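Visitor: 3D, please:
(2 chains)
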Amino acid sequence: MEDLLALGGRQVKNRLLIGTGKFSGYPLMQKALEAARPDIVTVALRRVDIGAKEDNILEYIPKSCVLMANTSGARNADEAIRIARLAKAAGTGNWIKIEVVQDNKYLLPDNLETLKAVEILVKEGFIVLPYMSPDLSMARRMADAGAAAVMPLGSPIGSNRGVKTRELVEILVREIKVPVIVDAGLGSPSDACECMEMGCAAVLVNTAIAIARDPAVMAQAFSEAVRAGRLAYLAGLASSGDRASASSPLTGFLRDETR
Amino acid sequence: MILTINGKQEAVERPVTLDALVAAKGLCPEKIVVEHNFCIVSKEDWPKIMLGDKDMIEIISFVGGG
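Guide: Numbering: from 1, shown residues only, chains lettered A, B, ... in the order given. Purely as a prediction, here's the structure:
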């Protein structure tokens, strides 16, 4: 049976979600998306630079992808809600990643404002995925409010430091009923694989792919790592121990046992 | 009259519709979404909106983001 992720009313095949920021050009981003074939990609909304001839990013994203706008730039729930409504009006559907940040040094999310935005946008019919600090109580509240998933950070956005929040994310994986998707900070395919081995439903990666020397190959590497981690989780990881446990039989040695 | 477009003030000589403003700026309607005084205006309604003094217009589009 195919291993699909039920998310926002869809059956998602690729558990690697990809962000479209920081690529050195849209054609390069397109190659990365074609290499990894994600089901879901994120985009941002910004003021148009009037007078500048800007390319339309949507022309470089495969039509098969679900577009999920983020609310980056929002400093409170009201701003996030405003951006979500604009994204919907722009005609890309009703998937929204809530991102509310006031802290410009670490870009850590404001869980309380995020929750407020989730509550309102769910009622408006959005499929809402909140980016959040991995706090169990808040994750429960997000899920109770109707979030389609929770997206705890692995480490600060763009830091490429990996899953520094591992123990807290593991608690969410065990306790939260909606999918747990690690978002932010995953710097290498092994970081993504680690998340999937832990039982996370998916991961969202942007910077590590976008700024790689070859983004298309890195996107493929992340995709395969996510798949490997997922398979390992489904197969059931062996337990670890402090002492050795021989892999070969401990009987029938070719030696004289009396000496 | 003075309009505030994407946070910048701009003098406009004669009254214009939202539709005409977008065209005058050379913007492609398919890739933008427009707010007029904090209300989202659907493309069909652009010709009906006559802009007035001190109106706020936000013109927004998608860009790369994570």
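
Visitor: got the residues of the stretch 51-200 of chain A near chain B?
Guide: Within the stretch 51-200 of chain A, the positions lying close to chain B (C-beta under 8 Å from any C-beta of the partner chain) are A:51, A:54, A:56-58, A:67, A:69-70, A:72, A:82, A:85-86, A:89-92, A:157-158, A:184. C-beta here means a position set from N, CA and C on the backbone, and glycine is covered the same way.

Visitor: whichever of those residues end up buried, select them in ChimeraX.
Guide: The command below creates a ChimeraX selection of those among those that count as buried (16 or more other C-beta atoms under 10 Å in any protein chain shown):
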select /A:57,58,67,69,70,72,82,85,86,89,90,92,157,158,184
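
Visitor: list the buried residues for stretch B:55-66?
Guide: The neighbour-count check on stretch B:55-66 (16+ other C-beta under 10 Å) flags B:55, B:57-66 as buried.

Visitor: inside strands: which ones of those residues?
Guide: Residues of the buried residues of stretch B:55-66 located in strands (DSSP state E): B:57-64.

Visitor: sorry, back to before: in JSON lines, list the buried residues of stretch B:55-66 along with distance to B:Ala11.
Guide: Below are those laid out as JSON lines (distance: C-beta to C-beta, whole Å):
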{"residue": "B:Asp55", "distance to B:Ala11": "13"}
{"residue": "B:Ile57", "distance to B:Ala11": "14"}
{"residue": "B:Glu58", "distance to B:Ala11": "18"}
{"residue": "B:Ile59", "distance to B:Ala11": "18"}
{"residue": "B:Ile60", "distance to B:Ala11": "23"}
{"residue": "B:Ser61", "distance to B:Ala11": "24"}
{"residue": "B:Phe62", "distance to B:Ala11": "30"}
{"residue": "B:Val63", "distance to B:Ala11": "28"}
{"residue": "B:Gly64", "distance to B:Ala11": "33"}
{"residue": "B:Gly65", "distance to B:Ala11": "33"}
{"residue": "B:Gly66", "distance to B:Ala11": "38"}
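
Visitor: one step back: near chain A, from the ones in strands among the buried residues of stretch B:55-66?
Guide: Contacts with chain A within those, as defined by C-beta under 8 Å from any C-beta: B:58-64.

Visitor: about what we covered before: would you turn the ones in strands among the buried residues of stretch B:55-66 into CSV with pLDDT?
Guide: Output for these, formatted as CSV (pLDDT from 0 to 100):
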residue, pLDDT
B:Ile57, 94
B:Glu58, 94
B:Ile59, 94
B:Ile60, 93
B:Ser61, 93
B:Phe62, 93
B:Val63, 93
B:Gly64, 95
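
Visitor: what's the most distant pair in the residues you listed?
Guide: Farthest apart among those by C-beta to C-beta are B:Ile57 and B:Gly64. That separation is 24.0 Å.

Visitor: looking at the stretch 151-259 of chain A, which residue is nearest chain B?
Guide: A:Asn206 (3.3 Å; C-beta to the nearest C-beta).

Visitor: starting at the chain centroid, how far to stretch A:164-171?
Guide: 14 Å (C-alpha atoms, centre = their mean, to the nearest Å).

Visitor: buried set for it?
Guide: For stretch A:164-171, burial by neighbour count (16+ other C-beta under 10 Å) applies to A:165-166, A:168-171.

Visitor: next, check those residues against the helices and list the overlap.
Guide: Per DSSP state H, helices hold the following members of the buried residues of stretch A:164-171: A:166, A:168-171.

Visitor: from the residues of the stretch 51-200 of chain A next to chain B, which land in helices?
Guide: The helices, defined by DSSP H, take in A:82, A:85-86, A:89 from those.

Visitor: could I get those as CSV with distance to A:Arg230 and pLDDT?
Guide: Below are those laid out as CSV (distance: C-beta to C-beta, whole Å; pLDDT from 0 to 100):
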residue, distance to A:Arg230, pLDDT
A:Arg82, 36, 95
A:Arg85, 34, 95
A:Leu86, 34, 93
A:Ala89, 35, 89
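
Visitor: how about the residues you listed, which pair is most distant?
Guide: Put simply, by C-beta to C-beta the two of these set farthest apart are A:Arg82 and A:Ala89, 10.7 Å from each other.

Visitor: which ones are touching the most centrally placed residue in chain B?
Guide: The centroid of chain B falls nearest to B:Ile57 when counting by C-alpha atoms, centre = their mean (4.6 Å). Contact analysis of B:Ile57 by C-beta atoms under 8 Å, 6 or more residues apart in numbering or on different chains lists B:3-6, B:18, B:21, B:34-36, B:51.

Visitor: show me what it is bridged to.
Guide: Counting by DSSP bridges, B:Ile57 is bridged to B:Ile5, B:His36.

Visitor: what's the distance between it and A:Ala52?
Guide: 17 Å (C-beta to C-beta, to the nearest Å).
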